[in-house]
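Chemist: fold the following, please.
(chains A, B, C and D)
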2 protein chains.
Amino acid sequence: MSDPLRSPALKPRKKPAQLRSAETVACIIEAAARILEERGFAGYTTNAVAEKAGVGVGSLYQYFPGKDALTAALIERETAVLLDDVAEAERAASGAQGLKQLIRAAVAHQMRRPALARLLDFEEQRLPLELEVGRVSFRLEQAIVRLLARMAQESPADPQQAAADMLAICKGMVDAAGQRGETDAASLEGRVARAIFGYLEPLRPGRDAALEA
Amino acid sequence: MSDPLRSPALKPRKKPAQLRSAETVACIIEAAARILEERGFAGYTTNAVAEKAGVGVGSLYQYFPGKDALTAALIERETAVLLDDVAEAERAASGAQGLKQLIRAAVAHQMRRPALARLLDFEEQRLPLELEVGRVSFRLEQAIVRLLARMAQESPADPQQAAADMLAICKGMVDAAGQRGETDAASLEGRVARAIFGYLEPLRPGRDAALEA
DNA sequence: CTATATTGCGAGTTATTACTCGTATTTGAA
DNA sequence: TTCAAATACGAGTAATAACTCGCAATATAG
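Modeler: Next up, the predicted model:
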């Protein structure tokens, strides 16, 4: 409520017109999230977002240069927690444990607002890759690569590819679970872990005859 | 060229005005595919499709009641081969071998036109679930369920959920690979198989300590 | 060839949406 | 209180896209 950013023109000298109301901005972003969740891409219009936020369209365009910028801001907001958790996982645990924690973070992230996560995943790739945020997927991938490097055994030949595959497995499974309305994070985590560690496990003769066929 | 459907009003008695030019229809559907691949959803307009197909918009609307119907037709066309291959896999092989063949079919399907497959996957869920086609995903899932039932060992507790997970793993990995421009189907097949069979493999004590944590 | 029916067409209609701009309101300083 | 700067606003604009409709071209029948 007593947000310092709220009071405009605190120091008129420096930046006369760039001060933003953080509260209003957050409100608009959340409105965008709700619209996307409730109506999908089709209903995701700037007018609808402004109305849901309780502001005029003009205000929206005061804070965001265009619709894509709003979407980018939403992506950034949704992603921030995940990236923090990933950094924490990397710091706290190593090897398989770290991977496990990373899976937990990813599942939690996507379970929080499944529809939204899915739509934003899709949109992230379509957006003009602004150097600002730096692709979320890329950052996640690099975190996995670093974790893999710290796993003595079971380190795959091509860590970059392995990381991309693992990320794809995780995203695919969690998205699908979200669409089916699953809510049991623990169960989902376990299944994702099975797939990912199964993927990592080096082929052993006789482990599964079909794999050698 | 000498398509019997091409000559109109063969029997004016019965159906005076419902004969279609299969050739033109195919042309329009392929144009839709190309537009989607080249310009994504943003450029996917009926006018653009008609132009690429070399017909007037009017003709397009003679063959399809609306844009969604065109999209549905495209989905059906793209899916037909896959569903055939799946049926064939189910007929020819059982258990793990059948699963393996199914993975091969899915990978081949998505590798053929990666961008298109991805977009259509996405669109399939947004379309008003017309009872006509019957969700592709659903049919694939059922095929997997039947295959799982025929696997004596390693049959999971909840086959329906397992099938959904396996489908998600496959879709996720193949989509991601397509986006990265991968073209080596054999390598991708192997990796998908590792994840899926790893997922199926029952937990064994000591298989991976992290899994029990 | 003439008449009739079917198909092909694309300019135009209608609806929607991203975005602007002139005005009203609020804020803060003196 | 008064003034100026900053902010909020939403009706209006321009562009775009789905879809229609009346007419032209073509094919078939007699």
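
Chemist: the longest helix along chain A vs DNA strand C: in contact?
Modeler: The helix spanning the most residues in chain A, taking DSSP state H as the definition, is helix A:67-92. Yes: part of helix A:67-92 sits near DNA strand C under the criterion CB under 7 Å from any atom of the strand, namely residue A:67. No exception for glycine: its C-beta is placed from N, CA and C like everyone else's.

Chemist: what is that helix packed up against?
Modeler: Counting contacts by 3 or more CB pairs under 8 Å, 6 or more residues apart in numbering or on different chains; DSSP states H and E, helix A:67-92 packs against helix A:22-43, helix A:46-53, helix A:95-112, helix A:114-126, helix A:136-149.

Chemist: these: which one's closest to DNA strand C?
Modeler: Closest of the helices and strands packed on helix A:67-92 to DNA strand C is helix A:46-53, at 3.9 Å (criterion: CB to the nearest atom of the strand).

Chemist: list the contacts of that closest one.
Modeler: By CB atoms under 8 Å, 6 or more residues apart in numbering or on different chains, the residues outside helix A:46-53 that reach it are A:24, A:27-28, A:30-32, A:34-35, A:39, A:56-57, A:59-61, A:67, A:70.

Chemist: rerun at 10 Å
Modeler: Residues from elsewhere that reach helix A:46-53 (CB atoms under 10 Å, 6 or more residues apart in numbering or on different chains): A:24-36, A:38-39, A:43, A:45, A:55-61, A:64, A:66-67, A:70, A:74.

Chemist: got a quick PyMOL command for the buried subset of those residues?
Modeler: To isolate the buried ones among the contacts of helix A:46-53 in PyMOL, judged by 16 or more other CB atoms under 10 Å in any protein chain shown, type:
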select buried, chain A and resi 24+25+27+28+29+31+32+33+34+35+36+55+59+60+64+70+74
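
Chemist: excluding its backbone neighbours, what's nearest the residue of chain A found nearest chain B?
Modeler: Here chain A gets closest to chain B at one residue, residue A:198, 1.1 Å apart by CB to the nearest CB. Distance criterion CB to CB, 6 or more residues apart in numbering or on different chains; nearest residue to residue A:198, sequence neighbours excluded, is residue B:198 at 1.1 Å.

Chemist: wait, doesn't that neighbour sit right on residue B:169?
Modeler: Yes: counting by CB atoms under 10 Å, residue B:169 is a contact partner of residue B:198 at 9.4 Å.

Chemist: the two: who's more crowded?
Modeler: A direct count of neighbours by other CB atoms under 10 Å in any protein chain shown for residue B:198 and residue B:169 places residue B:169 higher, at 29 against 24.

Chemist: please state the offset of the strand or helix carrying that one from the chain centre?
Modeler: Residue B:169 is located in helix B:159-179, with elements delineated by DSSP states H and E. Distance of helix B:159-179 from its chain centroid, counting by CA atoms, centre = their mean, to the nearest Å, is 12 Å.

Chemist: element containing the residue of chain A found nearest DNA strand D?
Modeler: Nearest to DNA strand D in chain A, going by CB to the nearest atom of the strand, is residue A:58, at a distance of 2.0 Å. In this structure, residue A:58 is located in helix A:57-63 according to DSSP H and E.

Chemist: got the buried residues for stretch A:78-87?
Modeler: A:78-79, A:82-83, A:85-86.

Chemist: out of those, who's nearest residue A:109?
Modeler: residue A:82 (4.2 Å; CB to CB).

Chemist: thought that closest one was touching residue A:121?
Modeler: No: when contacts are counted by CB under 10 Å, residue A:82 is not listed as touching residue A:121 (11.5 Å).

Chemist: what do these two both touch?
Modeler: By CB under 10 Å, 6+ apart, the residues touching both residue A:82 and residue A:121 are A:110, A:136.

Chemist: centroid-nearest residue for chain A?
Modeler: residue A:79 (3.9 Å; CA atoms, centre = their mean).

Chemist: low-confidence ranges in chain A?
Modeler: A:1-20, A:129-134, A:152-154, A:202-213 (pLDDT under 70).

Chemist: domains of it?
Modeler: Chain A resolves into domains spanning A:19-64, A:75-201 when parsed by automatic domain parsing.

Chemist: now render the buried residues of stretch A:78-87 as JSON lines, adding distance to residue B:105.
Modeler: Formatted as JSON lines, the buried residues of stretch A:78-87 follow (distance: CB to CB, whole Å):
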{"residue": "A:78", "distance to residue B:105": "35"}
{"residue": "A:79", "distance to residue B:105": "35"}
{"residue": "A:82", "distance to residue B:105": "34"}
{"residue": "A:83", "distance to residue B:105": "37"}
{"residue": "A:85", "distance to residue B:105": "37"}
{"residue": "A:86", "distance to residue B:105": "35"}
